[in-house]
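# Any chance you could fold what I've pasted below:
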Amino acid sequence: MEVMQRIQRTGVLLAEAMHGAIIADAIGIPWVPVVGYGTINTFKWQDFATSMGLSYVPQRIPTLFDRAFIDRMVHEKTSGLGLGLLRRPGSAIYAAYQENVVRARMKSALRQLRKALPQMSDRSILDLRIEALLEKAEYVRRTYAARS
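Sure, this is the predicted structure:
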């Protein structure tokens, strides 16, 4: 509920997770698809967008890492190399890089995102999809309730 309330309070949702876009669309909040990681399932996004009469054209943003990830990454890269003493300074240097270089890239990407056209499905299409879902749910209820 808290996530839905936060989405409701935003003007436009930047959504890398398709679930965020689905919720935003369902409650009438425009959204912009973004991609920062290579693990996004494009097929699912395209399927969702097409079913709602939209197109999936994600905007690229820089990949972000938190300090815990940086520490793990430096630890993995230095393990077994006898470089244990370099772990802390290595983490600090990489964190500084993230803080300065990646943050500047992200600011630039966010400025570019202001030009992106937010999406939101036509309410009549959304209503049709909800109606179809409710019909399927009722079919499953009738079919399987009779068997139990």
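# Mind checking what helix or strand follows the helix or strand bottoming out on mean pLDDT in the chain in sequence?
The helix or strand of the chain with the poorest confidence is helix 67-78; it has a mean of 68 (mean pLDDT, DSSP states H and E). Per DSSP states H and E, the first helix or strand lying C-terminal to helix 67-78 is helix 87-97.
# So which elements touch the helix or strand just after that following helix?
Note on helix 87-97: by DSSP H and E, the next helix or strand toward the C-terminus is helix 103-113. Contact partners of helix 103-113 among helices and strands, from 3 or more CB pairs under 8 Å, 6 or more residues apart in numbering; DSSP states H and E: strand 59-60. Glycine gets a C-beta too; all of them are placed from N, C-alpha and C.
# what does the strand it packs on contact?
Surrounding strand 59-60, the residues in contact under the criterion CB atoms under 8 Å, 6 or more residues apart in numbering are 32, 33, 34, 35, 36, 109, 112, 113, 116.
# Nearest residue to the fourth one in space, please, no chain neighbours.
I take that to be residue 35. The shortest distance from residue 35 to any residue other than its chain neighbours is 4.2 Å, reached at residue 58 (CB to CB, 6 or more residues apart in numbering).
# who's in contact with the spatially most central residue of the chain?
With distances taken as CA atoms, centre = their mean, the residue of the chain nearest its centroid is residue 16 (2.0 Å). Contact analysis of residue 16 by CB under 8 Å, 6+ apart lists 33, 34, 35, 36, 37, 40, 61.
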